[in-house]
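>>> When you get a sec, could you give me coordinates for this:
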Amino acid sequence: MSQSLDEILERSSARHSHLCPRQVLGARMALAALDLLHIDTPITKQAGLVILETDGCFADGIEAACGATVGHRTLRVNDLGKIAATFVDVRSGRAIRFSPRLDVRLRARLYASGEERRYFAQLRGYQVMPANELFRVQDVVLDPPLHTLLSVPNARAVCAACGEEIINERQVVIDGLTLCRTCAHSGYYRLAMSQRPEMSRALNQRAALHE
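Below you'll find the predicted structure:
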């Protein structure tokens, strides 16, 4: 479905409550990437995957432009603190990473004649600048690879420590024990002190069963 940039930005700003330069960057990035990969919008999981390197308004611009969503497993956030994204053609496995050029803020002023305010010069300039002046484009190899990211339907395991179910083959095996990544100490949280003795007992009990 063909969409104009104005339509995309209107939809993005409605979700975000206002329009900002990073939304424009996200929208322009998604349009350029999908055109390069010949992927139609809205993205389907059979066709494409988008991996963002930050959240926030940049993500809103990308979502509005390509229709990728977390719920449809076409959008992921790997928060590296960068205004960048990798777009993957699921059919061919090709992955292309887009990031803004380092001088993009300064160059935006050249496309916003008469606008002295830096923020609004970026807002206007990003909408009309040629894509090759906006973005650095790199072919990349995914790590972990695409088939690991996508997993297989109905893959399930149970963590030997916490007893919670793990889907999408995200478990790890340590010393013969199947563990979730949190219990394997690579998750995003740790248990409060009051919960740790109970977890230690559960892990020791399950480990004894494997001896």
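>>> Contacts only, for the nearest residue to residue 149 once chain neighbours are set aside.
Nearest non-adjacent residue to residue 149, counting by C-beta to C-beta, 6 or more residues apart in numbering: residue 142, 6.7 Å away. Every C-beta, even on glycine, is put in place using the N, C-alpha and C of the backbone. Going by C-beta atoms under 8 Å, 6 or more residues apart in numbering, residue 142 touches 86, 88, 95, 149.
>>> Could you export those as TSV, including secondary structure and distance to residue 47?
Converted to TSV, the contacts of residue 142 look like this (DSSP: H, G, I helix; E, B strand; the rest coil; distance: C-beta to C-beta, whole Å):
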residue	secondary structure	distance to residue 47
86	strand	15
88	strand	10
95	strand	14
149	helix	15
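>>> Out of those residues, the closest to residue 135 would be?
Using C-beta to C-beta, residue 86 comes nearest to residue 135 of the contacts of residue 142, at 12.4 Å.
>>> Identify the residues contacting stretch 67-77?
30, 41-45, 48-55, 59, 62-63, 149-150.
>>> Break the protein into its domains for me.
Following automatic domain parsing, the chain resolves into domains at 5-149, 151-209.
>>> Show me the shaky parts of the protein.
Low-confidence segments of the chain (pLDDT under 70): 1, 194-211.
>>> Quick one: the strands in the chain, in order.
Per DSSP state E, the chain carries strands over the ranges 48-52, 75-77, 85-89, 95-100, 135-140, 156-158, 165-167, 172-174, 177-179.
>>> What strands line up against the last one, and which way round?
For strand 177-179, the paired strands and their directions (DSSP bridges) read strand 172-174 (antiparallel).
>>> for the first one, same thing?
Each strand that strand 48-52 pairs with, and the sense of that pairing, follows from DSSP bridges: strand 75-77 (parallel), strand 85-89 (antiparallel).
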